[in-house]
Each structure stands twice: as C-alpha cells, then as structure tokens.
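Participant: quick one: sequence and predicted model below, then my questions.
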Amino acid sequence: MSLEDLHLNLRNLESEDYPQLKTLMDSIYDDIGGAWSKLTIDKLVSEFPDGQILIEDDERIVGVALTARVDYDDFSNPHKYDDLIGHREIILNAADGDALYGLDVLIDPSYRGHRLGRRLYEARKDLCRSMNLRAILAGGRIPNYYLHAHEMSPSAYLDAVARKEIHDPILSFQLANDFLVKRLLHKYLPEDEKSQGYATLLEWNNILYEPAERIIESRKTQVRVGAVQWQMREFASVESVLQQVEYFVDAVADYQSDFVVFPELFNTPLMGLTDQSDQIQAIHFLAGFTERFKTEISRMAVSYNINIIAGSMMEVGEKDRLYNVSYLCHRDGSIERQSKLHITPQERRDWVVEGGDELQVFDTDAGRVGILICYDVEFPELPRLLAEQDMDVLFVPFWTDTKNSYLRVRHCAQARAIENECYVVLCGSVGNVPSIENLDIQYAQSSVFSPSDFAFPHDAVMSESTPNTEMVIFSDLDLTRLKLVRSEGSVTNLKDRRKDLFDLRLRDWSWKSGSRQDES
C-alpha cells in the first residue's frame, strides 16, 4: 500500500461497522477465537461510544481500538481477562470508572508499517486526558514467548524485550508507546497458547489527572507573570520609592497578572539619604526601612490582588547580622522569605553581608515557586533541590553592573530552566547613579526562560526586555506543559537522573551558641 493511495480517517466505531470489524478480528485473532459477537460490540458502542475508535481508508476499516471504562483500583492489581466479561460475553463497562482499559488494538496486516497503531494509541491517550481519567490499563499478550519458553522464564523474557534483545509484536509496541509493565499476570488468557497464558499488566499514567474532589481546589495552570526592569535613580524619601513600586504593581495587576517581581536590592538608592563614607553604617541605615517596605508591599499585594516578589532588601537579624532577603508577599496577606545563600565578594567586603541557611519551595495560588537571589542561581545544586520539591517557577531577582556579570547570571538561569524543566523569571535593574556608592552603573536584560523542547519557544526564551531600559515584560506560563515535558519530553532530565550513582541533599542547620551544628 503506497502513501499516495492512502485516504485515512479517524472516527468512532458504529454498530453498522460490525461486518468489517468481524472480518478484521477473525483474520488477526484466529489463534484465540476470532471476533467478538455483534451483541458484545453493540453493547460496548452503546455504553461507551467515545472509547471505540477506528481508522478507515476510503471507508475500509484498517485499524481499531476497543476500550472499556473500569475502576482503577480493581484492574491495576492482578486480574484475569474473564474479570472484564459478564454474562453472554458482555464487556463490563463501568460508567463512572476512573480509568480506561485497552481491550484490543488491531491493524490490517496490509496496512502495517504506517504507524496506525501509534495513531490509535495517541487517540486513546487524548481521550483519557479529555475525560480526566487516571490511567490507561491493559493486559498485554506476549505472543512470541512460546519461541523462548524452553530457555527462559516469563520474567526473563520481559527483561529481554525491554532491553530490545528480543522483539515481541505486542509488548515491544506497547513499551514504545510509553506504557510501563506493572507486573506479570498468570493465567490471564489460558487459551492463548503463544503467550502460554501469561500477560503483562501495563499502565500509561495520565499526569494531568485531577481527582474529582480536588478539581474545585486545584491551582491555576495558566499563570501570568510581570517583571519590572527597575530604573535605579536618586530618591528623596521612602515615600517616593514606595510610590514608584505601587505604580508598577498597579500597572502589572491591570493586566490580570498573578505575579509581579522586582529586582535585587531595588531600594538601595535610599542609601543616598545618609552619610556614605562608612558603607557598613549606610547599609544598616538602608536595612532600617525594610519592615516598612514589607508592610506596604504586602498591603499592595492584597489591594491589587497580585502576588509580589519584593526583589530583595537588607534585613538585620540576630546579633546584628546582615542578610540579603527576598520577600514573597501573597495576595492573601501572608509573607514568606528567602535569604540569599551565597554572598558575593563585594557584599562580604563592603557590607559584611552573611548568607542564609534555609531553602524552600513556596506554595502559591498560581503554582509552586522558588526564589534565588542573583548569585545563588550560579550554583546548580540549589535549583535542583527546589526541583525535587516540584517547583514550577523560579524567580531570580538580580543586580549586576556590567554585561559580563549579567551574562553569568543569564546563562546560568537558562541552564537551570533546561536541566530542571521549569520556568525561570530573571528580573534586574538598570541606570547609572554616580552619586551613590556601589550604584555607579547597572546592566540588565530581564528575561523569562523555559525548558527547551517543542512545546516552548525555539530558543527557550518566553520573553525578554530591551537591555538597560526601564520597562515591564509579561509572560504567560503554561504549567501543564511542564508536566508533559517532564513525563513525555524529547529528553526527560529529571526522570533520567542516575540516582544509583549520585544523590543530592540539603543539610539541616541550626544555630547553637553562635555556631552551626550539622544535624544530618
């Protein structure tokens, strides 16, 4: 059959199709009894019409997938084919079942080689997703086992097929279509002499499934973020900085955004209100405004109904230690914090800033997010630890002075998006303020990065700003695409990690008598 002669059409099976279906099933299943009766097919079509799918070529049926709806708990455990069959060979279809059960997939032998089986499997997966069902289950025959039964056990045969040392026409195809073998079934279909009664219990997991009781409470899957590329400038007062912050919060909220993010140490120009000859005194002066900023920005989060990543600000902790801290101001009024963990030489030298000890993923009403301040994103262990806690979006407020400094942050941030299969939002500041120490020059091009796969932009850049210009960038993030790329992407970085060779953990630290004790 040449490609030029094909006129394929995918549609649902109807009762009138039974004569052609019977002919096809009799020819393929001649070794296990042939076709289902017309009564069986009519009942299946009547009870679950969407599950019965065929491919026709100029009205000739050349491929069929028959499917039932079942309870996952009943059929994800050992069972027999007869458990699906009731009186008079009626297939027991559960109208409120939470899983699909693949009964048959058969292709006309003269049409093999055109990947019609894969097309039917994809249609069945689409049905599972659209119905919000938990999984597709199937009992898979292993019809080539009889050729090897004298030299290997059924389990050894499954291993050999999985390693592609042996080809099995059914199991090899199912493995190639992302089904996993859950267990070996004994006496599944006793009359199946080629499989010698054995079968595999196969499962394809719908990663988008949401239990019915959770649908109302489920988080958004479409998330809009706005990043403020902030102009560093001289400010005459705290009020003038807060006024500028509120201007941007208002503007971004007007576009129904879920998050707005500001850069690292965005309020640093307030150091210009004090004597800068002593930089340590000046930075502590700046830290004195942090509580007010937290209070006011939290008020904005509630008033404008938007989650705010409040860049970062200096915070004075115990024993007068100074930390660089980012605050997540939720729109429900709660506030959470993430300290910068790795301190740059400049921060240590000029301001005596110390690194924090805690790392966490934050639950929000628009996904699970992490925050790493500037330099921290250059340490790949941190985003990986966050990814292991199912982070969706990583926010990176940063502050860099030169382009090479900026590019270190940018390239590392984009690598983190790819290797951890998440979105990364990079937000920095621009402008020159020569009158304030350490604010002479800034360089930034705020950006939003994605994983690098077909579901995302070809360069894995969702959006980016004009360099060195005060502006806002927006990006719509589809969290569903993250689930798909993690499970079914061209590569699956997180899933393919060699945990048998290496692992990664975060030590638990506590402060005792001024020293940190390793409790791990």
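Facilitator: Done, it's in.
Participant: ok so residue 327 is a strand residue?
Facilitator: Yes. Residue 327 forms part of a strand when assessed by DSSP: H, G, I helix; E, B strand; the rest coil.
Participant: list the contacts for the closest residue to residue 178 other than its chain neighbours?
Facilitator: Leaving aside its chain neighbours, residue 178 sits nearest to residue 204 (5.8 Å; criterion: CB to CB, 6 or more residues apart in numbering). Using the backbone N, CA and C atoms, a C-beta is placed for each residue, glycine as well. Applying CB atoms under 8 Å, 6 or more residues apart in numbering to residue 204 gives the contacts 125, 128, 135-136, 177-180.
Participant: just the buried ones from those residues, in PyMOL syntax?
Facilitator: This is how PyMOL selects the buried members of the contacts of residue 204, with burial counted by 16 or more other CB atoms under 10 Å:
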select buried, resi 125+128+135+136+177+179
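Participant: now, the contacts of residue 204 that are in strands?
Facilitator: 135-136, 180 (DSSP state E).
Participant: what residues does the residue lying closest to residue 325 once chain neighbours are set aside make contact with?
Facilitator: Nearest residue to residue 325, sequence neighbours excluded (CB to CB, 6+ apart): residue 315, at 4.5 Å. Residues in contact with residue 315, defined by CB under 8 Å, 6+ apart, are 287, 290, 322-325, 339.
Participant: in strands only, show me these.
Facilitator: 322-325, 339.
Participant: low pLDDT regions in this structure?
Facilitator: 1-4, 88, 213-219, 508-520 (pLDDT under 70).
Participant: got the residue ranges for the helices in it?
Facilitator: 18-28, 38-47, 72-75, 116-130, 154-162, 171-176, 212-215, 238-254, 279-287, 290-303, 345-346, 381-387, 403-420, 479-488 (DSSP state H).
Participant: quick one: contacts of the shortest one?
Facilitator: When you say that, I think you mean helix 345-346. residue 438.
Participant: kindly recompute the last result at 10 Å.
Facilitator: 353, 375, 401, 438 (CB atoms under 10 Å, 6 or more residues apart in numbering).
Participant: any chance of those residues in CSV, with distance to residue 150 and neighbour count too?
Facilitator: As requested, the contacts of helix 345-346 are exported to CSV (distance: CB to CB, whole Å; neighbours: other CB atoms under 10 Å):
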residue, distance to residue 150, neighbour count
353, 72, 20
375, 64, 25
401, 74, 16
438, 79, 18
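Participant: redo the residues you listed as a markdown table? Include distance to residue 81.
Facilitator: A markdown table is the format used below for these (distance: CB to CB, whole Å):
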| residue | distance to residue 81 |
| --- | --- |
| 353 | 67 |
| 375 | 60 |
| 401 | 70 |
| 438 | 74 |
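Participant: which two in the residues you listed are spaced the farthest apart?
Facilitator: 353 and 401 (16.5 Å; CB to CB).
Participant: for residue 181, see how far away residue 198 is.
Facilitator: 12 Å (CB to CB, to the nearest Å).
Participant: repeat for residue 320
Facilitator: According to CB to CB, residue 320 and residue 181 sit 60 Å apart.
Participant: between the two, which has more neighbouring residues?
Facilitator: Neighbours around residue 320 and residue 181, counted as other CB atoms under 10 Å, are more numerous at residue 181. The numbers are 17 against 8.
Participant: so which bits of stretch 407-423 are buried?
Facilitator: 408-410, 412-423.
Participant: for that stretch, C-alpha coordinates in CSV please.
Facilitator: Once non-C-alpha atoms are left out, stretch 407-423 reads as follows in CSV (Å, rounded to 0.1, in the frame of the first residue of the first chain):
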residue,chain,number,x,y,z
LEU,A,407,25.7,37.1,31.3
ARG,A,408,26.9,34.9,34.1
VAL,A,409,23.5,35.2,35.7
ARG,A,410,21.6,34.9,32.5
HIS,A,411,23.4,31.8,31.1
CYS,A,412,23.2,30.0,34.5
ALA,A,413,19.5,30.9,34.8
GLN,A,414,18.7,29.5,31.3
ALA,A,415,20.7,26.3,32.1
ARG,A,416,18.6,25.9,35.3
ALA,A,417,15.4,26.1,33.3
ILE,A,418,16.5,23.4,31.0
GLU,A,419,18.0,21.0,33.5
ASN,A,420,15.2,21.3,36.0
GLU,A,421,12.3,21.5,33.5
CYS,A,422,10.9,24.7,35.0
TYR,A,423,10.3,28.3,34.1
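Participant: can you list the helices of the chain in TSV and add distance to residue 108?
Facilitator: Output for the helices of the chain, formatted as TSV (distance: least, CB to CB, whole Å):
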stretch	distance to residue 108
helix 18-28	6
helix 38-47	17
helix 72-75	29
helix 116-130	8
helix 154-162	24
helix 171-176	15
helix 212-215	39
helix 238-254	57
helix 279-287	75
helix 290-303	61
helix 345-346	70
helix 381-387	45
helix 403-420	42
helix 479-488	28
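Participant: out of those, the one nearest residue 504 is which?
Facilitator: Once the helices of the chain are compared by CB to CB, helix 381-387 is nearest, at 5.8 Å.
Participant: quick one: that closest one to chain centroid distance?
Facilitator: 14 Å (CA atoms, centre = their mean, to the nearest Å).
Participant: and stretch 52-69, by the same measure?
Facilitator: Relative to its chain's centre, stretch 52-69 lies at 33 Å (CA atoms, centre = their mean).
Participant: before we move on, the earlier item: list just the nearest of the ones in strands among the contacts of residue 204 to residue 235.
Facilitator: residue 135 (57.1 Å).
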